[in-house]
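starting from these lines, generate the structure:
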Amino acid sequence: MTGWSDVPCVFIVAPACPHCGALRPATMRSVSNGDGSITRLSTCRTCLQRFKVVVEPPEPTADPKFGGSRKGNE
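Coordinates of the predicted model:
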């Protein structure tokens, strides 16, 4: 079996398996990276391959519903 350091990273909003394209990841562990981002070690529920999902912190001008604020739209 491949170690976590050898599996691909996925940098998208809705994570899909990079091996089969399924939208069914199961997060096994989340690790804080110290820069505000989080790496989720995931396994696809369809093909059982492992991959990483990096969740970046929201942009300061992002929608307030998702942790950001809209400047100039008050």
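
stretch 40-53: end-to-end distance?
End-to-end distance for stretch 40-53, by Cα to Cα, to the nearest Å: 5 Å.

can you show me the strands along this protein?
Applying DSSP state E to the chain gives strands spanning 9-10, 25-32, 38-44, 50-55.

how about those in TSV, adding mean neighbour count?
Quick note: C-beta positions are derived from backbone N, CA and C, even for glycine. Formatted as TSV, these follow (neighbours: other Cβ atoms under 10 Å):
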stretch	mean neighbour count
strand 9-10	14
strand 25-32	12
strand 38-44	18
strand 50-55	18
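
just put those strands in a markdown table and tack on mean pLDDT and distance to A16.
Shown next, in a markdown table, are the strands of the chain (pLDDT from 0 to 100; distance: least, Cβ to Cβ, whole Å):
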| stretch | mean pLDDT | distance to A16 |
| --- | --- | --- |
| strand 9-10 | 68 | 7 |
| strand 25-32 | 92 | 8 |
| strand 38-44 | 94 | 9 |
| strand 50-55 | 91 | 10 |
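
out of these, nearest to C17?
Proximity to C17 (Cβ to Cβ) singles out strand 38-44 among the strands of the chain, at 3.9 Å.

for the closest one, name the packing helices and strands.
Secondary-structure packing of strand 38-44 (3 or more Cβ pairs under 8 Å, 6 or more residues apart in numbering; DSSP states H and E): strand 25-32, strand 50-55.

can you dump the C-alpha coordinates of the first one into PDB?
If I follow you right, that is strand 25-32. What follows is strand 25-32, C-alpha atoms only, in PDB (Å, rounded to 0.1, in the frame of the first residue of the first chain):
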ATOM      1  CA  PRO A  25     -14.600  11.000  -0.100                       C
ATOM      2  CA  ALA A  26     -14.400   9.800   3.500                       C
ATOM      3  CA  THR A  27     -12.000  11.900   5.600                       C
ATOM      4  CA  MET A  28      -9.800   9.800   7.800                       C
ATOM      5  CA  ARG A  29      -7.800  12.500   9.500                       C
ATOM      6  CA  SER A  30      -7.500  16.400   9.300                       C
ATOM      7  CA  VAL A  31      -4.200  18.100   9.900                       C
ATOM      8  CA  SER A  32      -3.800  21.900  10.500                       C
END
